[in-house]
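Asks: Please find the sequence and the predicted model below.
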Amino acid sequence: MAADIDFVLVYREPEETRWGPFTRAARWVADVLRVPHRIPDTRAEILRQRRQAREIYQKRLIEAGLILRVVSACESNRRNFVLCHAPDSVLERHADVIGIKKKLSKSFLFNYTALAIRFLTFRSEGMPETCIGEDLEYSMADRVLIVKDLLSRINYGANNQPHTVGIDNMVDQNIYTLAYPIHDDPAQHQLSTLSSQSAPKPAVCEREWLSIHWATFYALFMEQPLDVVRSYFGPQVALYFAFFGSYTTWLAFIALPSFLFKLITSVLDISGSMGKLNILSEPVLPKGVCEAYRGRGVMMCPQCHTNCDFESLDGLCTHQLPFLYTPHALAPVFHSFVVCVAASCFVQYWKRREACLVHRWSLKDNVHDEEMLRPEFLRAQNRTLKLNKVTSRMEPAHSKFHRVSVALLELIIILLMLVTILGVNFGCHLLKYHIRSVLVELLKLPLDRITIVCSSLFSAAVHSTIILLLNWICEIACLWIVNWENPRTQREFDDHYSKMIFIFQFLDYFSPLFYIIFGRTTVSLFYARFDPDQITNAEEGPWRRWVVDACTYTCLEELDQAMIIFFCFTQIFRELLKFGRPFLIGICRRLFLRKGTRSLPQWETDFFLPTLYNQQLCFDYLRLIIQFAYVVLFSSSFPMAPLLALVVNGISLRADAIKFLRSNRRAVPKMVPSIGVWLKVLSTVSTFSVIVNGFVLAFTTDIVPRWFYLSHHPEQVQLNGLDEKYFDFTYAHFDSRNLSIPLTAHQGTNSCRFYGMYERPCTLFPEDNECHDTPQKTREFLQVLIYRVLFLSLFMNMVFLINWIVRAVYPADPPSVRLARKSDHFRAQQAMDRISRMSDGKRESRKTRSKSRDKKLPTDFSGISIQPNAIIWRPPPPPPTSVDDAPPTTPDSAASAQPSCPAASTPTNVTDPLPKTPMIGSPASSQPAATTPPVPVAHPKNVTEQ
């Protein structure tokens with residue numbers, strides 16, 4: 001029955017054919033290379049060694065208390081399944097070893113969500129009894145965890161070598177093909193919601209219940225049953241879905257103010273040409289500037305030095321910015337402030353939420369310090385012994401030479417990957433200009449705004465494809481580096497891999513955006529874009545005219561285009577790949593491995609499902625953190641990011657649930673105290689978002705110049721917004737008569753305007769006493785720059801102050817958790833005292849009974865009537881002093897010398913009976929218990945001592 005199976009081991013018995021030529025070639029190579037190990041003569045020898053290792057391992061599993069059953073596959077006679085079941089006695093004994101403790105009573109944590117109105121939530125009465133009841137001492141995830149830990153500790157070597165320990169090592173050496181826990185079999189449990197009160201309530205399958213109430217798109221707005229998820233998948237998967245759900249809920253609260261700020265900005269800045277409200281798009285320039293210069297023939301300078309034409313100011317006024325704040329709007333300040341504070345509040349909320357879940361699921365005490373060592377670490381040859389100051393034991397560790405060489409290699413590879421990422425991003429930046437040149441040659445027309453935007457979007461799409469390719473290369477490189485470093489435990493492996501893959505992918509995703517924000521903005525502010533010397537020398541080399549290309553009026557539009565392509569394309573592609581990959585792999589496995597069409601048992605059905613990666617949750621966390629960075633780092637430039645992320649996550653949450661529950665094999669549960677290193681990464685991104693948003697508001701937008709202008713020229717402010725003098729304050733003049741444009745639709749243009757605070761040229765304004773022949777910054781430029789720095793400092797300090805207040809008012813460890821932890825400790829101490837008093841009382845009563853029995857023992861039996869076949873107490877006879885003094889042995893005396901109570905030879909501890917099906921190593925076929933060697937259990941701390 002599938003409900004009694006805790007773990008499945010799969011192995012294959014191939015045909016024993018001799019590979020003579022290959023074996024001779026292997027022996028010849030071994031002789032040339034002087035390999036110290038013995039090369040088997042035939043493939044049959046390798047199969048015999050594997051079969052011997054399996055027999056030793058399965059025998060020791062039976063000696064450890066597991067019940068095994070070997071069955072053949074329905075589709076293949078050579079594929080065998082070893083079904084493992086752990087009795088309750090084994091569970092209780094081994095649960096204390098790994099630290100799984102039973103809860104003394106229900107938790108005293110107050111459920112604050114019970115006060116709120118839940119929308120489309122599930123009822124606790126409908127949850128499976130295996131989750132809310134108290135009949136089962138261990139959940140399904142706990143059973144699998146205990147059995148997996150027991151399988152990882154058993155040694156399968158004949159001589160009990162340190163490197164022949166655990167099922168993972170056997171799977172790596174192909175002794176077993178697979179080892180996995182199975183899903184619940186829906187055929188064994190029928191989910192019935194129409195059970196009457198008189199009829200007994202049927203047992204509910206957790207997998208079936210989760211597939212109806214959780215892993216379905218119909219439950220899109222329902223609350224997640226985290227307790228059931230923890231009972232079925234274990235704490236690690238449950239914490240991931242808890243974090244995923246909390247983050248999605250936070251996005252719902254952030255998307256609302258984002259939409260409101262965008263709506264308010266659109267209401268206050270209505271397009272003059274359209275005369276109606278447009279929420280998705282807004283004009284580039286203020287309404288007053290457009291009305292003042294309408295019809296005056298003011299031209300804007302080309303966006304690039306080559307192949308770009310002039311643009312009319314009237315066309316710029318009608319140009320809309322989709323999904324973007326205008327550079328002169330005030331809404332980005334409040335929006336960025338709200339998002340930065342909300343990001344810090346989310347980090348603090350998750351710390352408190354995690355503390356509650358850790359206490360409710362008893363995870364803090366379960367994660368024992370003595371973790372299992374990785375099989376790859378045990379097989380390493382360059383290990384030494386190192387004293388652990390905590391346990392005072394000699395533990396295996398890597399040599400100093402290995403650590404230094406790994407550190408140097410990591411540094412070299414990291415620098416190489418960073419240079420590669422930056423070089424590829426710069427190459428994609430140059431691709432945009434090559435596309436423009438190709439379009440000019442094909443169209444035989446100058447580049448207008450539509451052509452420039454199309455070339456930018458196409459280059460961004462190519463760049464996003466290259467980003468996904470670089471992500472795949474970074475994953476392989478990081479996995480190779482961490483495998484070569486060979487950490488001691490799996491937790492160290494996951495933490496190191498998570499840090500490296502986050503650094504690489506963060507730079508891969510955000511380096512082009514940082515270039516637009518910091519690089520292009522710096523060029524626009526501090527570099528004279530239209531210098532006559534640069535115009536005459538523009539053809540000296542390609543680097544000069546490509547690098548100095550700056551933003552025409554704002555860099556937010558290009559940032560908006562890049563973010564839409566990067567965010568939407570990568571998110572949609574990853575979701576399609578994640579959702580479609582398990583189905584394709586499952587179909588291929590069924591086509592190539594299955595031959596019949598009859599129904600299969602659950603353990604064989606799960607065999608055809610794909611296996612989750614060892615770093616699957618690492619990739620899932622990374623995807624959420626990268627999305628979180630998109631939302632909070634560029635909230636001032638892309639306000640619709642929270643809404644798009646909310647839509648994507650609402651679907652992705654249920655897709656992940658389907659992936660874990662139906663599309664893949666059941667994940668092996670792991671005891672983790674938290675989400676690990678991702679909490680530190682989340683806090684770092686939240687802190688870094690304050691700096692990035694402050695820099696964008698201060699140096700990329702026109703908020704600070706607008707405030708400076710309004711504070712120094714209050715009389716210039718009209719009722720319809722900023723007037724033409726504000727445009728003269730922020731946009732400089734340029735004499736375009738020396739500007740050579742091969743293809744232009746605006747012949748005879750003598751001057752144009754570009755973004756920058758420069759003095760007017762004397763060639764255009766000879767009567768102006770403050771004019772200059774060379775580009776010179778205005779006097780207000782330095783003042784505005786100081787205002788920008790002050791605004792950046794004020795914004796950062798205000799956000800950091802509020803974040804500090806939030807952390808002080810709402811600490812990471814809630815008072816309710818501290819109180820519940822103290823209450824649990826007090827009740828545990830009371831239980832221990834009660835047990836101690838009971839044991840002391842039993843000991844005292846036993847002593848009292850023995851004393852009273854000694855006093856009542858008779859010394860003369862003459863007056864006592866003895867019943868037939870009664871057992872009486874007699875003092876033992878004195879031993880004979882010599883052989884002659886011994887009485888002669890007769891048949892009667894020999895019969896009377898036999899023990900009168902045969903129960904003394906029976907075992908005192910009766911284990912669970914084995915099932916009636918044929919078992920491996922059953923008591924009838926195994927050796928006597930006296931000759932059975934002890935079970936070699938590999939302890940993680942004294943592996944080398946064996």
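Replies: Great, that's in hand. The structure displayed is predicted, hence computed values, not measured ones.
Asks: Am I right that Leu576 sits in a helix?
Replies: Yes. Leu576 forms part of a helix when assessed by DSSP: H, G, I helix; E, B strand; the rest coil.
Asks: any idea how far it is from His163?
Replies: According to Cβ to Cβ, to the nearest Å, Leu576 and His163 sit 42 Å apart. Where you see a C-beta, it was placed from the backbone N, CA and C, and this is true even at glycine.
Asks: if you count what's nearby, which of those two comes out ahead?
Replies: Of the pair Leu576 and His163, His163 is the one with more neighbours under other Cβ atoms under 10 Å, namely 16 against 11.
Asks: List the residues that contact the more buried one.
Replies: Residues counted as contacts of His163 (Cβ atoms under 8 Å, 6 or more residues apart in numbering) are Asn169, Pro375, Leu378, Arg379.
Asks: and the last one, how many neighbours?
Replies: Counted by other Cβ under 10 Å, the residues lying close to Arg379 total 15.
Asks: which residues in this structure form strands?
Replies: 7-12, 67-72, 79-85, 178-180, 281-283, 299-300, 311-312, 320-322, 383-388, 393-398, 731-735, 751-755 (DSSP state E).
Asks: so which of these gets nearest Pro815?
Replies: Closest to Pro815 of the strands of the chain, according to Cβ to Cβ: strand 383-388, at 35.4 Å.
Asks: so what strands line up beside that closest one?
Replies: Looking at strand 383-388 with DSSP bridges, its partner strands are strand 393-398 (antiparallel).
Asks: isn't Leu313 right up against Met300?
Replies: Yes. The pair Leu313 and Met300 passes the contact test of Cβ atoms under 8 Å, sitting 6.1 Å apart.
Asks: Overlap in contacts, those two.
Replies: Common contact partners of Leu313 and Met300 (Cβ under 8 Å, 6+ apart): Arg753.
Asks: still on that earlier bit, of the strands of the chain, which is nearest Ser836?
Replies: Closest among the strands of the chain, using Cβ to Cβ: strand 393-398, at 29.7 Å.
Asks: Check the average confidence over that closest one, would you?
Replies: Across strand 393-398, pLDDT averages out at 77.
Asks: Please report the number of neighbouring residues for Arg93.
Replies: 15.
Asks: what does the model give the residue nearest to it when sequence neighbours are not counted for pLDDT?
Replies: Spatially, and ignoring its direct neighbours in sequence, Arg93 is nearest to Gly65 (7.4 Å; Cβ to Cβ, 6 or more residues apart in numbering). Gly65 carries a pLDDT value of 87.
Asks: Looking at the chain, which helix is longest?
Replies: For the chain, the helix with the greatest residue count under DSSP state H is helix 400-443.
Asks: Tell me where the stretch 701-850 of the chain has helices.
Replies: Per DSSP state H, counting those that start in this stretch, the stretch 701-850 of the chain carries helices over the ranges 703-712, 724-730, 779-809, 815-856.
Asks: now do the stretch 101-250 of the chain
Replies: Going by DSSP H, counting those that start in this stretch, the stretch 101-250 of the chain shows helices at 129-132, 140-153, 167-172, 206-213, 226-233, 235-268.
Asks: Just the mean pLDDT for the first one, thanks.
Replies: Mean pLDDT, helix 129-132: 47.
Asks: cool, the second one as well?
Replies: Mean pLDDT, helix 140-153: 86.
Asks: Dump it to CSV, keeping only the CA atoms.
Replies: Output of helix 140-153 as CSV, limited to C-alpha atoms (Å, rounded to 0.1, in the frame of the first residue of the first chain):
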residue,chain,number,x,y,z
MET,A,140,4.4,12.8,6.3
ALA,A,141,7.3,15.2,5.8
ASP,A,142,8.7,14.2,9.2
ARG,A,143,8.6,10.5,8.3
VAL,A,144,10.3,11.1,5.0
LEU,A,145,12.9,13.3,6.7
ILE,A,146,13.7,10.6,9.4
VAL,A,147,14.0,7.8,6.8
LYS,A,148,16.1,10.0,4.5
ASP,A,149,18.5,10.8,7.4
LEU,A,150,18.7,7.1,8.3
LEU,A,151,19.5,6.2,4.7
SER,A,152,22.2,8.8,4.7
ARG,A,153,23.9,7.4,7.8
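Asks: what's the angle from it to strand 7-12?
Replies: 50 degrees (axes from the mean of the first three to the mean of the last three Cα atoms, to 10 degrees).
Asks: related to what we said a few turns ago, mean pLDDT for the helices of the stretch 701-850 of the chain: which is lowest?
Replies: Mean pLDDT is lowest for helix 815-856 among the helices of the stretch 701-850 of the chain, at a mean of 74.
Asks: elements contacting that one?
Replies: For helix 815-856, the packing partners by 3 or more Cβ pairs under 8 Å, 6 or more residues apart in numbering; DSSP states H and E come out as helix 331-360.
Asks: what's the angle from the helix it packs on to helix 815-856?
Replies: Inter-element angle recorded for helix 331-360 and helix 815-856: 10 degrees (by the same axes, to 10 degrees).
Asks: helices or strands up against helix 331-360?
Replies: helix 235-268, helix 616-633, helix 678-695, helix 779-809, helix 815-856.
Asks: Check Ile501 and give its pLDDT.
Replies: At Ile501, pLDDT is 90.
Asks: Confirm for me that it is in contact with Ile625.
Replies: No. If you go by Cβ under 8 Å, Ile501 and Ile625 don't touch, sitting 10.5 Å apart.
Asks: what's the longest helix of the chain packed up against?
Replies: In terms of contacts (3+ Cβ pairs under 8 Å, 6+ apart), helix 400-443 is packed against helix 449-485, helix 490-514.
Asks: that older thread, just the helices of the stretch 701-850 of the chain: most buried one?
Replies: helix 724-730 (a mean of 19; mean count of other Cβ atoms under 10 Å).
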